[in-house]
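J.: Give me coordinates for this.
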Amino acid sequence: MKNREFKKGMLAGAAVVLAVGGIGYRCVSAIQYEKDSVLSDRHIEKIEYLEKLIDEWYLEEKDEEALAEGMYAGLIAGLKDPYSRYYTAKEYQEETTVTDGAYVGIGVQLMKDEDGKVRIMECYEGGPGQKAGIRKGDFITAVNGADISERSVDEVADMIRESADGNVVLTIEREQSDTLLDIPVTVEDVKLPSVFHEMLEQKTGYIQITEFTGVTYEQYMDAFEDLQNQGMGRLIIDLRDNPGGLLNSVCDILEEILPEGLIVYMEDKYGNREEHTCAGENPLDIPLAVLVNEESASASEIFAGAVQDYSIGTIVGVRTYGKGVVQSIHELNDGSAVKLTVSKYYTPNGNDIHKVGIQPDVEVELDPELVGLEEYSREQDNQLQKALEVLDMENVF
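T.: Numbers count the residues shown, from 1 in each chain. All right, here's what the predicted structure looks like:
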């Protein structure tokens, strides 16, 4: 049923992205060394001694850059905060691809199986790969004629992205086919799907949001308009297993739902408060139910909390994850980045949900027989069926 698509010079200067589980927008700050620092003479001497031990005793060749990256990562790990971390330049590039929801490629997800073969794990609908005839489950054996059997998934992805002229020829091995297929594919900007929708019974619109990325608002509006054109009279928004995303994204969607007022506010350790508000120009005027579960976190909780505080819909499911802290992502001048927890966010009524979560208005556990299954029917989904029952109680039809 469900779509599960879903250094040295480090402190020289940084661009900052405020984030709530990946939620963010950009500003600029500068970071300077200070005398009161973990980089005291004693600590520097210890690092130098450890380097000496490695040089004298370590059996294999050392990688100086990897050692440095490990040192930076260890510094942030010492905070013992599950939401703070250090990203290498490559890791940060991958992270921003996820949160932006767009990248240059062919719209497929790759994975190496147990036999070392590169398999297409997902082929996104409407992407260049699907349009060219690539299918989920296909194996890639060559890129532009070059064998990739000894290549890592990252190397194969780079070969595809960096193909000359914006075109790539993939040699495909397809199950139940005796011949290899050479399929030309255009490399282009791809928007990762984060919104899925359909019309259910009694003109009930269903919109699933898997993550709040840079393209989610646009996809949500397209889905909402399509459902409206089909005569939608009530709406279910499914945020189950949604880990969060961009603050601007969730706030933009809530502006299409909420009345005028506060959406969410944040406070840092100095008591500074930042508010995000709704003009109330497009309040939702049809019955609404929002599905959540124990994996609905961060931006999903901002969404559910605002809907609940304004009493404009019914929250259905189980208590949410309980991530109510904000991270700032500092982009460093060598492409790496540091994410730090810097504040808490609160629902419009001032509720602190960190490590608490949001209690649904109607609590219903997922049928134990469905737990762990990747797909099951709408009829089997007892949480969805409960949301339909809740909307039935509105006596709209």
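J.: Where does the prediction get shaky in the stretch 151-300 of the chain?
T.: Confidence mapping of the stretch 151-300 of the chain against pLDDT under 70 gives the ranges 164.
J.: any idea how far stretch 39-57 is from the chain center?
T.: The chain centroid and the centroid of stretch 39-57 are separated by 38 Å, computed with CA atoms, centre = their mean, to the nearest Å.
J.: What average pLDDT does that stretch get?
T.: Mean pLDDT, computed over stretch 39-57, is 92.
J.: Identify the residues contacting stretch 86-98?
T.: 22, 69, 72-73, 75-77, 103, 192, 211, 213, 331, 334-339 (CB atoms under 8 Å, 6 or more residues apart in numbering). Glycine gets a C-beta too; all of them are placed from N, C-alpha and C.
J.: now, which of these lie within strands?
T.: The subset of these located in strands under the criterion DSSP state E comprises 103, 331, 337-339.
J.: of all the residues you listed, which comes closest to residue 267?
T.: Within the set of these, residue 339 lies nearest residue 267; the separation is 18.8 Å, counting by CB to CB.
J.: how close does that closest one get to residue 99?
T.: 11 Å (CB to CB, to the nearest Å).
J.: cool, residue 253 as well?
T.: Summarising the geometry, the distance separating residue 253 from residue 99, computed by CB to CB, is 16 Å.
J.: Check residue 282 too.
T.: According to CB to CB, residue 282 and residue 99 sit 25 Å apart.
J.: Likewise for residue 310?
T.: When distances are taken as CB to CB, residue 310 and residue 99 turn out to be 27 Å apart.
J.: And for residue 376?
T.: Plainly put, residue 376 is 29 Å away from residue 99 if you go by CB to CB.
J.: Compare the two (neighbour count), which wins?
T.: In terms of neighbours (other CB atoms under 10 Å), residue 99 is the more surrounded of residue 376 and residue 99; the figures are 22 against 16.
J.: Regarding the more buried one, what is its secondary structure?
T.: For residue 99, the reduced secondary structure class is helix; criterion used: DSSP: H, G, I helix; E, B strand; the rest coil.
J.: And residue 109, by the same measure?
T.: strand.
J.: related to what we said a few turns ago, would you mind checking the contacts of stretch 86-98 for buried ones?
T.: 22, 69, 72-73, 103, 192, 211, 213, 331, 336-339 (16 or more other CB atoms under 10 Å).
J.: of the residues you listed, closest to residue 56?
T.: Relative to residue 56, the closest of these is residue 69; by CB to CB it sits at 22.2 Å.
J.: ok, and the closest non-adjacent residue to the closest one?
T.: Setting aside the residues directly before and after it, residue 69 is nearest to residue 88 in space (CB to CB, 6 or more residues apart in numbering), at 5.4 Å.
J.: And for residue 284?
T.: residue 257 (4.5 Å).
J.: Residue most distant from the centroid, the protein?
T.: Among the residues of the chain, the one whose C-alpha is farthest from the average of all C-alpha positions is residue 56, by CA atoms, centre = their mean at 43.6 Å.
J.: any idea how far the closest residue to residue 118 other than its chain neighbours is from residue 110?
T.: The shortest distance from residue 118 to any residue other than its chain neighbours is 4.6 Å, reached at residue 140 (CB to CB, 6+ apart). Here the distance between residue 140 and residue 110 works out to 7 Å (CB to CB).
J.: Look at the two and report which has more neighbours.
T.: Neighbour count, other CB under 10 Å: between residue 140 and residue 110, residue 140 has more, with 24 against 17.
J.: In three-state terms, label the more buried one for me.
T.: Three-state secondary structure (criterion: three-state DSSP) places residue 140 in strand.
J.: Any idea what it is bridged to?
T.: residue 118, residue 172 (DSSP bridges).
J.: Contacts only, for it.
T.: 110, 118-120, 148, 156, 170-173.
J.: and stretch 188-206, how far apart are its ends?
T.: From the first residue to the last, stretch 188-206 extends over 30 Å; the measure is CA to CA, to the nearest Å.
J.: Now that stretch: buried residues?
T.: Within stretch 188-206, judged by 16+ other CB under 10 Å, the buried ones are 190-197, 200, 203-206.
J.: Switch those over to CSV; also include secondary structure.
T.: What follows is the buried residues of stretch 188-206, written out as CSV (three-state DSSP):
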residue, secondary structure
190, strand
191, strand
192, coil
193, coil
194, coil
195, strand
196, strand
197, strand
200, strand
203, helix
204, strand
205, strand
206, strand
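J.: Could you identify the most distant pair in those residues?
T.: For the buried residues of stretch 188-206, with distances taken as CB to CB, the pair at the greatest spread is 190 and 203 (32.7 Å).
J.: And the helices in the chain?
T.: According to DSSP state H, the chain carries its helices in the segments 41-57, 64-77, 89-100, 128-132, 153-161, 216-229, 247-254, 299-309, 382-392.
J.: Pull out the buried positions in the last one.
T.: For helix 382-392, a neighbour-count test (16+ other CB under 10 Å) marks 383-384, 386-388, 390-391 as buried.
J.: Tell me which residues touch residue 136, please.
T.: When contacts are taken as CB under 8 Å, 6+ apart, residue 136 is in contact with 120-123.
J.: confidence score at it?
T.: The predicted local confidence for residue 136 is 92.
J.: Also residue 62?
T.: The predicted structure scores residue 62 at 94 on the pLDDT scale.
J.: what's the answer for residue 380, then?
T.: For residue 380, the predicted pLDDT is 96.
J.: ok, for it, nearest residue in space, not its chain neighbours?
T.: Closest to residue 380 by CB to CB, 6+ apart is residue 370, at 6.2 Å.
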